[in-house]
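Student: Here is a sequence together with a model predicted from it:
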There are 2 protein chains.
Amino acid sequence: PASLRRRPARLITLGFLGAIAVGTLLLSLPIATTGRRATLLEALFTTTSAVCVTGLAVVDTETFWTPFGQVVILALIQVGGFGVMTVASLLGLLLSRRIGLQSRLVAAESTHSTALGDVKRVLLGVLRFTLAAEAVVAVLLAIRLMVAYDATPGHALWSGVFHSVSAFNNAGFSIYSDNLMRFVADPWVCLPICAAIITGGLGFPVLLELWRLKRSRRLWQSSRWSIHSRLTIGTTVVLLVVGTLVFLLAEWNNERTLGALDTPGKVLAAFTQAVMPRTAGFNSIDISALNNGTWFFTDMLMFIGAGSAGTGGGIKVGTFAVLAFVIWSELRGDPDVTVLDRRLSRTTQRQAVAVALLGVAAVVVPTFVMTVTTTEFSLDAILYEVISAFTTTGLSTGITATLPGWHQVVLVCLMFLGRLGPITLGTSLALRERQRLYRRPESAMIIG
Amino acid sequence: PASLRRRPARLITLGFLGAIAVGTLLLSLPIATTGRRATLLEALFTTTSAVCVTGLAVVDTETFWTPFGQVVILALIQVGGFGVMTVASLLGLLLSRRIGLQSRLVAAESTHSTALGDVKRVLLGVLRFTLAAEAVVAVLLAIRLMVAYDATPGHALWSGVFHSVSAFNNAGFSIYSDNLMRFVADPWVCLPICAAIITGGLGFPVLLELWRLKRSRRLWQSSRWSIHSRLTIGTTVVLLVVGTLVFLLAEWNNERTLGALDTPGKVLAAFTQAVMPRTAGFNSIDISALNNGTWFFTDMLMFIGAGSAGTGGGIKVGTFAVLAFVIWSELRGDPDVTVLDRRLSRTTQRQAVAVALLGVAAVVVPTFVMTVTTTEFSLDAILYEVISAFTTTGLSTGITATLPGWHQVVLVCLMFLGRLGPITLGTSLALRERQRLYRRPESAMIIG
Ligand SMILES: [K+]
Ligand SMILES: [K+]
């Protein structure tokens, strides 16, 4: 815990690198694969994709890996999701202390012993939430698979656990070659998975706050909610509604996607496909068959991503909402940025700008490098792939396996960067913000 | 001048709308066209493209318009370029006064009579610079056209004036159907045009400062240069060098672009094509034949654009540089943003963030609308077209004339928005920044 306080970014980076090394080793074993052994790149790509809960795949999860390989993948997903949720929550805790604000996670003073207590409390809290949510969804899925699909109890349970863990951790891996496409019109499968995804994506601080408010019977007094929870939940709801509507409008007549379904099926599939880019990455319809306008819209949803300190990726809905408020105040000519009844701290504003702009750079530069070094892939497909990797979404137009090897290495780096970059930037860098004793003379510039 | 001080944004908007109305009327006259009369949309699109110095075209400038029509287009370009340069310089002047900083444009106090004097001084200054630069380039081009291309003196002079005005105002219109492609390997045509483009694109405040420093023999004492000039010139040079290198690397073997030229020709064409996206929009090579990686790179150059209070568009190099410094300070954990030896004012930082993020929105939303409502155009082409219109660059992959009519209307709105949006946002909105008497309690958030 002492080192976690000193160098949290370094610790989580080393932890992820360690997990990737172990995973790559295990997936390279002969017992991990059904046929030939996995190449180093295949094992590395799959491991990174699992640990960073992305879900992009260069080989088919159902047929290429043995049950042993699939268990390794599942374990990597759980370790990755749990690790990020825990560390991000702890960083958020350290940050709220450092900037002198009342933390809702702890009440005690920041001494070494209580810090240790905090770490335990966060670890146990995340563990409890994770296991509870995953267990509920796994049971629901297993029952449905036995009742409606004649699955054996063994397969139903395994499939239920796999998809439940994959969903809560926003991983998007499936043990079926067609992902969730066979369940496109089945709300008993799609909705529990969506619920797990949204819950995991909200982030631990929001979940903890809601749970505490519920216990003290004040859940419906929205004035009790923190700014963070209100922005995260509000933006999530807006994006889900808008996403569902856009998918419905853009794909209603596309015979290869929504066009083949009846109206309730269309609505279910559109809602499911609006949940997935934020940033779970399952697919119940064929992504390669979507219109390129829908791809571009999905790009934006993926980039925004899910909630902070949760299992999802992207720049985070809170970051997006803060930027919207920053621009709104600028347009109004208001020197303060006011969110609901609070003034946003300048540090928060600057973090949001840095995370968003560096996120743009992290998408634009690899997209440029990949488009300029190949001629066979369109910008649509490459941009989709890059954003999907950086935001750890895992949706793909289908080009992942056919990309040149070094492009796959670029994607591996992007998944890693996308999983750890925004978190460490948004919190641990702010922890070392320092004061200047000497301030230079101020200067303005003509802008625009 | 009084109204200019009160409502500068409204005045420039009305002025542009008036110019567009008159231009549309003139280009709708039978004497403006060689064959059939122009439709309302063709006249409106061409006028807006000219006034907003964009250069996108739905009809061929050489064959569709009569000399009368071409003179109207040239006049619209000159009015548009002069109007923006003047008003942006005046806004910059008002802004530097308002925020209490020493203005380099005037020394007197801000009374009504000196304000009138300022307006005259800026108008005359811009006029003098414009005419001087345009005259030199027009003569150089006319001589070259007579000497090397056997042009008649009349045609050479007309062509020289047209391309010189079009270049200094960063308009990109040409009276040749192939734009500048016939001159791809001719440095005596390409380089004067590039020089006019770069000069016009630096912006009046920079030009005036350099000229004053030169007169007082202190041009080479770079510590005398303002932050604005140093950032604008420095970023421009970096972007030109990087642009040339990327074009060379990406297109060296493309037989349809650089591949057909010898090495000096390759370098000249690459440099010319690196100048054009910032944001003149001539082309000496076939844009539709570029690799899609080069398109995407051009997208980025166009978005960054040229200097503030000049004839170019985009979010402006100064804005881009300020954002880079903001992120750099954030990464260093430095609470102040230091540029060279100055601390950047908070207002400047917020303006840069607002201009850039609203610029992203102004590109992303129309791109989404256009991709989702057509199936025949790829994201590459639509994104290129939208960025080209918003940044008033005028480069095109060739789809402008074949887009549906209401997409062309979207482009008309984008050109208008792109020409006036960043300027008015960046300055006039800052003019009405107000203080709050009551500040709400501060709040921080988890970001990333
Ligand atoms: K995912
Ligand atoms: K232009």
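Tutor: Great, that's in hand. Ligands and ions are numbered 1, 2, ... in the order given.
Student: Is residue A:225 in contact with residue A:205, as I believe?
Tutor: No. Under the criterion of Cβ atoms under 8 Å, residue A:225 lies out of contact with residue A:205, with a separation of 11.4 Å. In short, each C-beta sits where N, CA and C put it, glycine included.
Student: And those two? Which one has more around it.
Tutor: Higher neighbour count among residue A:225 and residue A:205: residue A:205, with 29 against 20, using other Cβ atoms under 10 Å in any protein chain shown.
Student: Do any residues in stretch A:312-330 lie close to chain B?
Tutor: Yes. Against chain B, stretch A:312-330 shows contacts by Cβ under 8 Å from any Cβ of the partner chain at A:315-316, A:318-319, A:322-323, A:326-327, A:330.
Student: Check which residues of that stretch are buried.
Tutor: Going by neighbour count (16 or more other Cβ atoms under 10 Å in any protein chain shown), the buried part of stretch A:312-330 is A:312-327, A:329-330.
Student: quick one on the thing from earlier: hmm, which two among the residues of stretch A:312-330 next to chain B are most spread apart?
Tutor: Across these, the longest distance by Cβ to Cβ is 20.9 Å; it joins A:316 and A:330.
Student: Which part of the stretch 51-200 of chain A gets nearest to chain B, residue-wise?
Tutor: residue A:92 (4.3 Å; Cβ to the nearest Cβ).
Student: Kindly provide the distance from that residue to residue B:215.
Tutor: 57 Å (Cβ to Cβ, to the nearest Å).
Student: try residue A:123
Tutor: Applying Cβ to Cβ, the value for residue A:123 to residue B:215 is 70 Å.
Student: More neighbours: which of these two?
Tutor: Ranked by neighbour count (other Cβ under 10 Å), residue A:123 and residue B:215 place residue A:123 first, with 15 against 9.
Student: Could you pull up the contacting residues of that one?
Tutor: When contacts are counted by Cβ atoms under 8 Å, 6 or more residues apart in numbering or on different chains, residue A:123 touches residue A:86.
Student: Ok, residue A:195 next?
Tutor: Residue A:195 sits in contact with residue A:137, where contact means Cβ under 8 Å, 6+ apart.
Student: which element is it on?
Tutor: In this assignment (DSSP states H and E), residue A:195 forms part of helix A:187-202.
Student: Quick one: mean pLDDT over that helix.
Tutor: Mean pLDDT, helix A:187-202: 91.
Student: ok now it, how far from the chain's centre?
Tutor: Helix A:187-202 sits 13 Å away from the centroid of its parent chain (Cα atoms, centre = their mean, to the nearest Å).
Student: Helix or strand next in line after that helix, which one?
Tutor: Sequence-wise, the next helix or strand downstream of helix A:187-202 (DSSP H and E) is helix A:204-215.
Student: who does that next one touch, helix- and strand-wise?
Tutor: Where contact means 3 or more Cβ pairs under 8 Å, 6 or more residues apart in numbering or on different chains; DSSP states H and E, helix A:204-215 is packed against helix A:67-98, helix A:112-149, helix A:227-251.
Student: Within the helices and strands, which one has the residue nearest in space to the middle of chain A?
Tutor: Centroid-nearest residue in chain A, with Cα atoms, centre = their mean: residue A:312, separated by 1.7 Å. Under the criterion of DSSP H and E, residue A:312 resides outside all helices and strands.
Student: if I read this right, it contacts residue A:170, doesn't it?
Tutor: Yes. Look at residue A:312 against residue A:170 with Cβ under 8 Å: they come within range, at 4.6 Å.
Student: Residues in contact with both of those two, list them for me.
Tutor: What both residue A:312 and residue A:170 touch, as defined by Cβ under 8 Å, 6+ apart, is the set A:197, A:200-201, A:279-280, A:306, A:392.
Student: Low-confidence ranges, the stretch 151-300 of chain A, go.
Tutor: A:219, A:222 (pLDDT under 70).
Student: Now tell me what touches stretch A:362-369 from outside.
Tutor: A:303, A:379, A:382-383, A:386-387, A:390, A:410, A:414, A:417-418, A:421, B:293, B:296-297, B:300.
Student: Sort the residues you listed by pLDDT and name the bottom one.
Tutor: Among the contacts of stretch A:362-369, residue A:421 has the weakest pLDDT, 79.
Student: Residue A:347 versus that one, what's the distance?
Tutor: From residue A:421 to residue A:347 the distance is 18 Å (Cβ to Cβ).
Student: what's the pLDDT at residue A:52?
Tutor: Residue A:52 is given a pLDDT of 91.
Student: doesn't residue A:418 make contact with it?
Tutor: Yes. Between residue A:52 and residue A:418 there is a contact at 7.1 Å, judged by Cβ under 8 Å.
Student: what sits in contact with each of those two?
Tutor: residue A:392.
Student: starting at the chain centroid, how far to stretch A:27-37?
Tutor: Counting by Cα atoms, centre = their mean, stretch A:27-37 comes out at 29 Å from the chain centroid.
Student: for stretch A:381-397, same thing?
Tutor: 12 Å.
Student: Show me where the stretch 301-448 of chain A has its helices.
Tutor: Using DSSP state H, counting those that start in this stretch, the helices of the stretch 301-448 of chain A run over A:317-332, A:346-373, A:379-390, A:405-423, A:429-431.
Student: tell me the contacts of residue A:321?
Tutor: Residue A:321 makes contact with A:231-232, A:234-235, A:339 under the criterion Cβ under 8 Å, 6+ apart.
Student: picking that back up, in JSON lines: the helices and strands packed on helix A:204-215, plus distance to residue A:41.
Tutor: Output for the helices and strands packed on helix A:204-215, formatted as JSON lines (distance: least, Cβ to Cβ, whole Å):
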{"stretch": "helix A:67-98", "distance to residue A:41": "16"}
{"stretch": "helix A:112-149", "distance to residue A:41": "31"}
{"stretch": "helix A:227-251", "distance to residue A:41": "34"}
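Student: Would you mind finding the most buried of those?
Tutor: helix A:67-98 (a mean of 23; mean count of other Cβ atoms under 10 Å in any protein chain shown).
Student: and it, what does it pack onto?
Tutor: Using 3+ Cβ pairs under 8 Å, 6+ apart, helix A:67-98 is in contact with helix A:2-6, helix A:8-28, helix A:40-51, helix A:112-149, helix A:153-168, helix A:204-215, helix A:405-423, helix A:429-431.
Student: nearest to ligand 2, of these?
Tutor: Closest approach to ligand 2 among the helices and strands packed on helix A:67-98 is made by helix A:405-423 (33.8 Å; Cβ to the ion).
Student: Within range of ligand 1, give me the residues from the stretch 251-400 of chain A.
Tutor: A:281, A:394 (Cβ under 5 Å from the ion).
Student: Out of the helices and strands packed on helix A:204-215, which gets nearest to residue A:259?
Tutor: helix A:227-251 (7.3 Å).
Student: Surely residue A:292 is in contact with residue B:376?
Tutor: No. Using Cβ under 8 Å, residue A:292 makes no contact with residue B:376, being 10.3 Å away.
Student: Look through the stretch 1-150 of chain A and state the residue closest to ligand 1.
Tutor: residue A:55 (4.2 Å).
Student: ok, that residue - how many residues close by?
Tutor: Neighbours of residue A:55 (other Cβ under 10 Å): 31.
Student: Just give the nearest non-adjacent residue to it, would you?
Tutor: residue A:394 (2.6 Å; Cβ to Cβ, 6 or more residues apart in numbering or on different chains).
Student: and the one you found, what is it in contact with?
Tutor: Neighbouring residues of residue A:394 by Cβ under 8 Å, 6+ apart: A:49, A:54-57, A:171-173, A:279-281, A:388.
Student: change it to 7 Å
Tutor: Neighbouring residues of residue A:394 by Cβ atoms under 7 Å, 6 or more residues apart in numbering or on different chains: A:49, A:54-56, A:172, A:281, A:388.
Student: Also residue A:86?
Tutor: A:122-123, A:126.
Student: Save these as a markdown table, and put in distance to residue B:178 and pLDDT too.
Tutor: Output for these, formatted as a markdown table (distance: Cβ to Cβ, whole Å; pLDDT from 0 to 100):
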| residue | distance to residue B:178 | pLDDT |
| --- | --- | --- |
| A:122 | 66 | 79 |
| A:123 | 68 | 83 |
| A:126 | 64 | 85 |
